[in-house]
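*Asks:* Coordinates only, no sequence provided:
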């Protein structure tokens, strides 16, 4: 995806954002597990297969920042925070997103990759 985005000049734009999420979600007894990557693109961008242009439904999210080495603990902390909230609840069926805030920085060791975690929520 980074190769295609670079060829399109998207990686040079300060507005380009890099998101990912489990697809399909890991599940007990199901060996299939994948990770889908999204990059926001300007209106009218076209892409050859296998790259697809999709529209996100958007929505309301609770967000926290983390590094790859602590991602599981931060997801759990964010979920527990919202689960205990009296104002918000987790939006079932919403997409849990991970935004890479330091993409393509080869000097950054993988464990120190920075991410923002987006948990879909709704007001109670």
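*Replies:* Everything's here; your move. All figures in this text were calculated on a predicted structure; none of them were measured in a lab.
*Asks:* Residue 24 versus the closest residue to residue 8 other than its chain neighbours, what's the distance?
*Replies:* Nearest in space to residue 8, with sequence neighbours left out and distances taken as CB to CB, 6 or more residues apart in numbering, is residue 45 at 7.0 Å. In this view, the C-beta of every residue, glycine as well, is placed from N, C-alpha and C. Going from residue 45 to residue 24 by CB to CB, to the nearest Å gives 26 Å.
*Asks:* my read: residue 53 touches residue 42, true?
*Replies:* No: the pair residue 53 / residue 42 is not scored as a contact, 10.7 Å apart, by CB atoms under 8 Å.
*Asks:* The residue nearest to residue 8: neighbouring residues, count only.
*Replies:* By the criterion of other CB atoms under 10 Å, residue 45 has 12 neighbours.
*Asks:* and it, helix, strand or coil?
*Replies:* Secondary structure state of residue 45, per DSSP: H, G, I helix; E, B strand; the rest coil, is coil.
*Asks:* Can you verify my assumption that it contacts residue 53?
*Replies:* Yes: using CB under 8 Å as the test, residue 45 is close enough to residue 53 to be in contact (6.3 Å).
*Asks:* thinking again about what came up before, could you give the backbone dihedrals for the residue nearest to residue 8?
*Replies:* When read as degrees, to the nearest 10, the backbone of residue 45 gives phi -70, psi 140.
*Asks:* Show me where the chain has its helices.
*Replies:* Using DSSP state H, the helices of the chain run over residues 2-7, 71-83.
*Asks:* And the strands in this structure, which stretches?
*Replies:* Ranges of strands within the chain are 18-22, 35-39, 60-67, 88-90, 97-100, 114-123, based on DSSP state E.
*Asks:* residue at max distance from the center of the protein?
*Replies:* Here the chain reaches farthest from its C-alpha mean at residue 86, the gap being 25.7 Å by CA atoms, centre = their mean.
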